[in-house]
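Engineer: Task: produce atomic coordinates for the following.
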Amino acid sequence: MDSNTDLWAIVNSFMIDCFHLTEAFSHGAGLTAQANAAADASSEIHLCRDYANTWKHFYRNRNVRVVYIWKTGDSESGGQFVEIGYRLRDEPDSSQTIVDAYILARTAWDHWRTFMSQDGLPEPTGLTQPYLDKLLAP
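Structural biologist: Residues are numbered from 1 along each chain as shown. Below you'll find the model as predicted:
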């Protein structure tokens, strides 16, 4: 990892792509009901959805969460970190909730892995793991 900008870019891509797996599984694999149920069952995938709607689609039609990359820097363990912050759009003065991007990414990906296993879909070896590995690198 060369910089926190690289880490930010990986988190940004993951957040957007993670939610869009719902569409990929719905359209490509013909598992619309199952993919929607899997996405609905994960608060982490919901955060990815809200992030994608905020930063990719620029679309918020109700009092939804505005999700953004909050802070990057050096962690106490010597590695780098990215935090995700969010709050309701119509409550701009409310306190924000902060989550660790790596924990969010790992948990969301585990939800999709369970979904793929239950529905007999092979994991795309070599496609996602290298990005998750970069989040672990010091």
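Engineer: Reduced to three states, what does Val99 come out as?
Structural biologist: For Val99, the assignment made with DSSP: H, G, I helix; E, B strand; the rest coil gives strand.
Engineer: what do you get for Phe81?
Structural biologist: Phe81 ends up strand, using three-state DSSP.
Engineer: ok, it to Asp6 distance?
Structural biologist: 13 Å (CB to CB, to the nearest Å). In this view, the C-beta of every residue, glycine as well, is placed from N, C-alpha and C.
Engineer: ok, the two, which is more surrounded?
Structural biologist: For Phe81 versus Asp6, the count of surrounding residues by other CB atoms under 10 Å is larger for Phe81: 18 against 12.
Engineer: my read: the more buried one touches Asp100, true?
Structural biologist: Yes. The criterion here is CB atoms under 8 Å, and Phe81 meets it with Asp100 at 6.6 Å.
Engineer: for the record, mean pLDDT for the longest helix anywhere in the chain?
Structural biologist: As assigned by DSSP state H, the longest helix anywhere in the chain is helix 4-23. The predicted model gives helix 4-23 an average pLDDT of 79.
Engineer: what helices or strands is the following helix or strand past it leaning on?
Structural biologist: Downstream of helix 4-23, the next assigned helix or strand under DSSP states H and E is helix 32-40. Counting contacts by 3 or more CB pairs under 8 Å, 6 or more residues apart in numbering; DSSP states H and E, helix 32-40 packs against helix 4-23, helix 43-55, helix 101-118.
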